[in-house]
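# next input, structure requested:
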Amino acid sequence: MTNEFPTAPGLEALDGVVVHKSAPEQIRDHILAAITVGALPPGTKLPAERDLADALRVSRSSVRAALDRLAGIGALRRRRGKSGGTFVCGVPAGSEAADKALAGLSPFWAERQDLLDARTLIQQQIARTAAARRDGDDLEQIGSARLAYESAGDAAGARTADSAFHSAIAAAAHNDHVVRMAIELDGAINAGFRHDPYSPELHKQAVRQHAAIAAAIESGKAEDAGRLTEEHFRATTMTPLPSGTPSTGPASGE
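Numbers count the residues shown, from 1 in each chain. Now for the predicted structure:
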């Protein structure tokens, strides 16, 4: 079966996240993993097929096939009409097809954790560098983004503001290559739409961590900025699969 991802422009970073799987299967795995760890809770409306296809630079038919498979195992539901769309139902259970799809997440998730680890390592170095190179304009942008995150009232707003906060820190490092590297990793992890874990508790935790990171950067404390950033990313984004998730056995490298 042909794998679209390695040949799709801009998706080279996804090559290897899951091997020997078609584009619909890879998209399905991203969405199912996000549902399984609670990053996409029941009731969440997914982006439109066209938006997902544009973001991933794959065909709409690939996106549609992935969503159809998820709807078929009960993870999503389609609603027609003016207020229609594709909505998350929750973690599927009770069918052979659902168990098979969940079992396939083990190797996928192991590779995803490597991507998250890579992002953490890069972001901590970005924060260290920002603490050494930031200027007044940078601090103003970081401060504004931090306050926007603090006042965010829902998951979508928090994710957008969180991205802006870390983008402001990356800009303060004053190295365009590093910024592009961070953007590419983020795109590979989110696969077209932001779905980092979110809860009111995580939001409160991140508000405190953002404040500490911003203060360290403003004070020029590079080591503190890097350490706090690493702790922040590992605590808020590196979520393990639930222990009850079916498994096909250890992923490679474990």
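# quick check: Leu147 is in a strand.
No - going by DSSP: H, G, I helix; E, B strand; the rest coil, the assignment for Leu147 is helix, not a strand.
# look up the pLDDT of it for me, please.
You'll see Leu147 listed with a pLDDT of 98.
# could you measure from it over to Glu230?
Distance, Leu147 to Glu230, using Cβ to Cβ, to the nearest Å: 23 Å. Where C-beta positions appear, they are placed from N, C-alpha and C, glycine not excepted.
# middle-most residue in this protein, spatially?
Asn190 (3.7 Å; Cα atoms, centre = their mean).
# tell me the contacts of that residue?
By Cβ atoms under 8 Å, 6 or more residues apart in numbering, Asn190 lies in contact with Asp196.
# what residue spans form the domains of this protein?
5-103, 107-236 (automatic domain parsing).
# need the longest helix for the chain.
Assignment by DSSP state H gives helix 105-133 as the longest helix of the chain.
# check which helices and strands that helix sits against.
On a contact count with 3 or more Cβ pairs under 8 Å, 6 or more residues apart in numbering; DSSP states H and E, helix 105-133 meets helix 23-36, helix 155-172, helix 176-190, helix 200-218, helix 222-236.
# between the shortest one and helix 105-133, how many degrees?
Orientation of helix 23-36 against helix 105-133 (axes from the mean of the first three to the mean of the last three Cα atoms, to 10 degrees) gives an angle of 70 degrees.
# the longest one now?
With the same axes, to 10 degrees defining the directions, helix 200-218 sits at 30 degrees from helix 105-133.
# packing partners of helix 200-218?
helix 105-133, helix 136-151, helix 155-172, helix 222-236.
# give the residue spans of the protein that score low on pLDDT.
1-20, 94, 191-195, 239-254 (pLDDT under 70).
# now do 50
By pLDDT under 50, the low-scoring segments of the chain are 1-19, 247-254.
# from Ala235, how far out is Pro197?
10 Å.
# so the two - more neighbours on which side?
It is Pro197, of Pro197 and Ala235, that has more neighbours when counted by other Cβ atoms under 10 Å, with 17 against 13.
# output the strand or helix carrying Arg50 as CSV, restricted to C-alpha atoms.
Per DSSP states H and E, Arg50 falls inside helix 49-56. Extracted C-alpha coordinates of helix 49-56, given in CSV (Å, rounded to 0.1, in the frame of the first residue of the first chain):
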residue,chain,number,x,y,z
GLU,A,49,-11.7,17.9,6.3
ARG,A,50,-10.4,20.6,4.0
ASP,A,51,-8.5,22.3,6.8
LEU,A,52,-6.9,19.1,8.0
ALA,A,53,-5.9,18.1,4.4
ASP,A,54,-4.4,21.6,3.8
ALA,A,55,-2.4,21.5,7.1
LEU,A,56,-1.1,18.0,6.4
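# who does Gly85 form a beta bridge with?
For Gly85, the beta-bridge partners are Arg79 (DSSP bridges).
# burial of it, as a residue count?
Applying other Cβ under 10 Å, I find that Gly85 has 14 neighbouring residues.
# so it makes contact with Thr44?
No - using Cβ atoms under 8 Å, Gly85 is not in contact with Thr44; the gap is 10.1 Å.
# picking up where we left off before, now do the helix holding Arg50 against helix 23-36, angle only.
100 degrees.
# ok, Pro41 to Asp68 distance?
From Pro41 to Asp68 the distance is 21 Å (Cβ to Cβ).
# over to Leu52?
Distance of Leu52 to Asp68, computed by Cβ to Cβ: 13 Å.
# which of the two has more residues huddled nearby?
Between Leu52 and Asp68, Leu52 has the larger neighbour count (other Cβ under 10 Å), namely 23 against 14.
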